[in-house]
Structures are given as C-alpha cells and as structure tokens.
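have a look; sequence and predicted model below, questions after that.
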Amino acid sequence: MSRAIIHMFPCLTDNYGFLLHDPDSGLTASVDTPDAKEITAQCQDKGWTLTHVFNTHHHWDHTGGNLDLAAAYPGLEIIGPAHDAARIPGLTQGVRGGESFYFGPQKIEVIETPGHTTGHIIYYIPQASAAFVGDTLFKMGCGRLFEGSPQDMFDSLAKIAALPGETLLYCAHEYTLSNGRFALTVEPDNQDLITEITRAKALREQGKPTVPTQVKLEKAINPFMRAKTAQHLGDIRRAKDNF
C-alpha cells in the first residue's frame, strides 16, 4: 500500500487547504473547503480529480466551498460530523467519534473533539501518521470556545495528546506567532517553547508555513495541551481571548 500524499496550500487570509491523495485508488479528498476556486486550481495543478470532502466542523471557512465543489465534481462525497448534519452544506455521510471508514486502502479514524464547536471532529490516518485537527488545536494554541466548555476542550486535547508522539498535526490556520507570544506569558521559562518560536519566526520570514506540528512537540510547548485541569485551561483560554 502506497503512503497517502498530503498537499497543503495557503488560502483566504490565514487558512490552510489540504488535499489528501491516495495513489493506489486515485481518490482525492479536500479536508474542509475554505476556498473552492483555490481547491479546484490545486487539484488541476496536481492532475487529481476531487472525489471527497472531509469536513471537521460547520464554520463557513471550513464548509463554504462544499456546494460549489459538489457542482464541479459530480458524485462528490461530503463527509462530516453527524452531530452537525443540518449545518454542513451538501453532507452525504455523517460520521461520529469512534467510527472509521476507508479512503481507498487508507483507514480514516474519526475522533470527536468538541470545544471550538459542539460537533467538531478530527480525522486521524494511522498509515500516514497524520491527523487533520481543524480548529481544535493550533501550533502553540487551541480554538476559541465558541460552543463548547473548557472541559470539552480539555478532554478533546487529551485525545490528541494520546496519539503517537510522531503524529503530524495539520492545523487549519497559521496562528503560530501570535500563539507563541501569548504562550510565553504562560510559561516564560519554557526553553522548548522559546526555541520553537525562534524557528517559527525564521520560517515565516522565508514565507514558509509552521504547520504541520507534532503531538510530542505540542505536549512540550502548547499551554493548552499542558494545562493540568479543565479549569486551568479555561483560565488560559480567557486570558488568550483578551490578549
């Protein structure tokens, strides 16, 4: 079985788009649909035909391209959180945490990660050592609690922390430098954090992304992953919201 190909590209203001391509079956999925035109252009550049969409949650910058892409690619399968079926445009298959499905020979595991929204899910691909985490986790940060509670986010981040340490985490936004500035206020003496901020600054100066990150790295530098209790996480999140 060939390893799945992950193609990442910037779009909108600070989003990342992701194409997941299985060489054996020829299937191609867009993880979320922030910009239908850019996704189509990227598929054309790669010579891939879009067959699937994997939505992580209902926000417009993650589902806004669903219907345009469904019109452009007849038979497009749109998979997303069953919890939010009414809020995912064009949904053809709802999935829940603990379920899995196959994308060609690639097994996709669904993990429920409420907090940013009540229905947020992430997609973990063991064979690729990769997870698409939407807006649950960002490098050095986590998503705002628009619909969920600190306990929800605490439990969701614990699920990500339980994945193998080498797992690559594909976050949906480039928020790293602002997250890093805040993280330093929480742990000013964290040398791993200081080192990674320096590296991230160098990458951005070169116009390069700081995504993906890794589970083991986030456990060392991310204040939300390092929170000991849900209350502690909530306190940090409120401080970040006002930072």
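Ah, there it is.

burial count for residue 113?
Residues within reach of residue 113, counting by other Cβ atoms under 10 Å, total 32. To be clear about C-beta, it is placed using only N, CA and C from the backbone, and glycine gets the same treatment.

which element is the nearest residue to it once chain neighbours are set aside on?
Leaving out its chain neighbours, the residue that sits closest to residue 113 by Cβ to Cβ, 6 or more residues apart in numbering is residue 156, at 3.7 Å. Using DSSP states H and E, residue 156 falls within helix 150-161.

that helix packs against which elements?
When contacts are defined as 3 or more Cβ pairs under 8 Å, 6 or more residues apart in numbering; DSSP states H and E, helix 150-161 packs onto strand 106-112, helix 215-221, helix 230-241.

list the helices and strands the helix ranked longest in the chain packs on?
In the chain, assigned by DSSP state H, the helix with the most residues is helix 191-205. Other elements packing on helix 191-205 under the criterion 3+ Cβ pairs under 8 Å, 6+ apart are helix 176-186, helix 215-221.

the closest residue to residue 99 other than its chain neighbours - how many residues pack around it?
Nearest residue to residue 99 in three dimensions, chain neighbours excluded: residue 110, at 4.9 Å (Cβ to Cβ, 6+ apart). By other Cβ under 10 Å, 21 other residues sit near residue 110.

thought residue 110 was touching residue 123?
Yes. Using Cβ atoms under 8 Å, residue 110 makes contact with residue 123 at a distance of 6.5 Å.

thinking again about what came up before, quick one, what contacts the residue nearest to residue 99?
Residue 110 is in contact with 95-101, 121-124, counting by Cβ atoms under 8 Å, 6 or more residues apart in numbering.

cool, residue 201 as well?
Here residue 201 is in contact with residue 177 (Cβ under 8 Å, 6+ apart).

could you find the closest non-adjacent residue to residue 98?
In space, residue 98 is closest to residue 110, 7.1 Å off (Cβ to Cβ, 6+ apart).

what residue of the protein is the furthest out?
residue 189 (28.1 Å; Cα atoms, centre = their mean).

how close does the residue nearest to residue 98 get to residue 222?
23 Å (Cβ to Cβ, to the nearest Å).

could you do residue 66 as well?
Taking Cβ to Cβ, one finds residue 66 at 30 Å from residue 222.

of the two, give the one with the bigger neighbour count.
Set residue 66 next to residue 222 and count neighbours by other Cβ under 10 Å: residue 222 wins out with 26 against 22.

quick check: phi and psi at that one.
Main-chain torsions, residue 222, degrees, to the nearest 10: phi -90, psi 120.
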